[in-house]
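Enquirer: What shape does this take:
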Amino acid sequence: MKRKILIAFLFIPLLLASCDGDNFGYPSKMTFEREGGTKICSGAYGCYSVEILNYNGIGATSKGKAMDSIKVTYDWLTVKSKNYNDTQLEMIAAPNHTGKKRTLYVDGMVDDNSAEIKVVQY
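Expert: Have a look, this model is predicted:
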């Protein structure tokens, strides 16, 4: 019995270490005020492609490694990066004149996985 418990305690950290719960160092949520503006978010790895999507999965995608820099715009949000190795994403939100909360999702591709950032503007 003690052996089974010891084996279980040895394997639990391995299972937890294999799960990437840190979103590659990027924040899971960014918030903009009604007047919009620019914010920089940093991660541990650079994104080689960036998508901006709405709740239904409709949006825009950057071209990826073919260019020196990344810039993608969809609806009220623009995301820029100096190059695909840069670990900083510059997010620019247009002013919100609707009076309603709006949400978009930014997916930065890192090693065939994505870092998802929920962007909310009030």
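
Enquirer: Give me the buried stretch members for stretch 104-117, please.
Expert: By 16 or more other C-beta atoms under 10 Å, the buried positions in stretch 104-117 come out as 104-110, 114-117. For the C-beta atoms, the positions are set from N, CA and C on the backbone; glycine is no exception.

Enquirer: a helix runs through Phe24, doesn't it?
Expert: Yes - judged by DSSP: H, G, I helix; E, B strand; the rest coil, Phe24 forms part of a helix.

Enquirer: if we can go back for a sec, let me have the buried residues of stretch 104-117 in JSON lines, adding pLDDT as columns.
Expert: Shown next, in JSON lines, are the buried residues of stretch 104-117 (pLDDT from 0 to 100):
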{"residue": "Leu104", "pLDDT": "98"}
{"residue": "Tyr105", "pLDDT": "98"}
{"residue": "Val106", "pLDDT": "97"}
{"residue": "Asp107", "pLDDT": "96"}
{"residue": "Gly108", "pLDDT": "93"}
{"residue": "Met109", "pLDDT": "91"}
{"residue": "Val110", "pLDDT": "90"}
{"residue": "Ser114", "pLDDT": "92"}
{"residue": "Ala115", "pLDDT": "95"}
{"residue": "Glu116", "pLDDT": "97"}
{"residue": "Ile117", "pLDDT": "98"}
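
Enquirer: how about the helices in this protein?
Expert: 2-18 (DSSP state H).

Enquirer: those strands in the protein, which residues are they?
Expert: Secondary structure of the chain (DSSP state E): strands at 29-32, 37-42, 49-53, 59-61, 70-74, 77-81, 88-93, 102-110, 113-121.

Enquirer: Which of the buried residues of stretch 104-117 sits closest to Ser81?
Expert: Gly108 (8.4 Å; C-beta to C-beta).

Enquirer: Relative to Ser69, how far out is the closest one?
Expert: For Gly108, the distance to Ser69 (C-beta to C-beta, to the nearest Å) stands at 14 Å.
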